[in-house]
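> Attaching a predicted model along with its sequence, questions to come.
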Amino acid sequence: GTGVPLDEAMLYFDARLSRNYPTVEIRVSDICLRAADAVLTAALARPLADPAAGQGRAGLPPAPVPSSILRLAMWQASKDGLEGNLLSPVSNEPVPAAEAVAMLMDPVRDALRRHGDEEGAEFLLAGLLRRGTGAVEQRRAAGRSGLPGQLVAESV
């Protein structure tokens with residue numbers, strides 16, 4: 001109505017239906033410096049989105065989570081990543097990141113198994129938790145040389 005967005009691609013939602021494919025675009029995760037991390041994000045997205053889609057088709061409303069809690073959870077994740085605390089998906093209280101990730105994995109494990117993704121997702125997640133996110137890798141690279149050009153070269 002304001003005439004500001006030139007097209008739908010300019011609407012930046014945290015998640016949205018793709019205009020061109022039968023997929024959901026998720027825009028809240030860290031930059032994936034490794035292809036394996038992008039694969040993990042996709043592997044976890046399906047079992048998280050499938051139940052919500054089924055509820056929508058059945059006419060059931062989404063769980064009542066205040067947007068302020070969602071924003072706080074994203075702020076906490078962007079601030080600390082997997083190295084600090086995240087909000088628990090069960091209690092909305094801060095917990096160590098590995099604990100929050102385990103809580104997230106519990107309800108999706110059966111769906112991962114059904115799609116043949118459980119072993120791969122567990123393997124990729126263990127690697128991510130061990131080495132850290134792309135932001136951690138970039139900070140390590142910057143600390144090694146202190147040169148912005150070296151950071152870019154290592155990231156590429």
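Done, it's in. Numbers count the residues shown, from 1 in each chain.
> tell me the contacts of the nearest residue to residue 125 once chain neighbours are set aside?
Closest residue to residue 125 apart from its sequence neighbours, by Cβ to Cβ, 6 or more residues apart in numbering: residue 40 at 6.1 Å. From N, CA and C alone the C-beta is placed, and that goes for glycine too. Going by Cβ atoms under 8 Å, 6 or more residues apart in numbering, residue 40 touches 121, 124, 125, 128.
> The third one is in what secondary structure piece?
Looking back up the chat, that one is residue 125. Assigned by DSSP states H and E, residue 125 belongs to helix 118-131.
> Give me the helices and strands touching that helix, please.
helix 35-57, helix 97-114 (3 or more Cβ pairs under 8 Å, 6 or more residues apart in numbering; DSSP states H and E).
> What's the first helix or strand after that helix?
Taking DSSP H and E, what comes next after helix 118-131 is helix 134-145.
> Just the mean pLDDT for that following helix, thanks.
For helix 134-145, mean pLDDT is 80.
> my guess is residue 52 contacts residue 60, does it?
No: contact criterion Cβ atoms under 8 Å: residue 52 and residue 60 do not qualify, at 9.5 Å.
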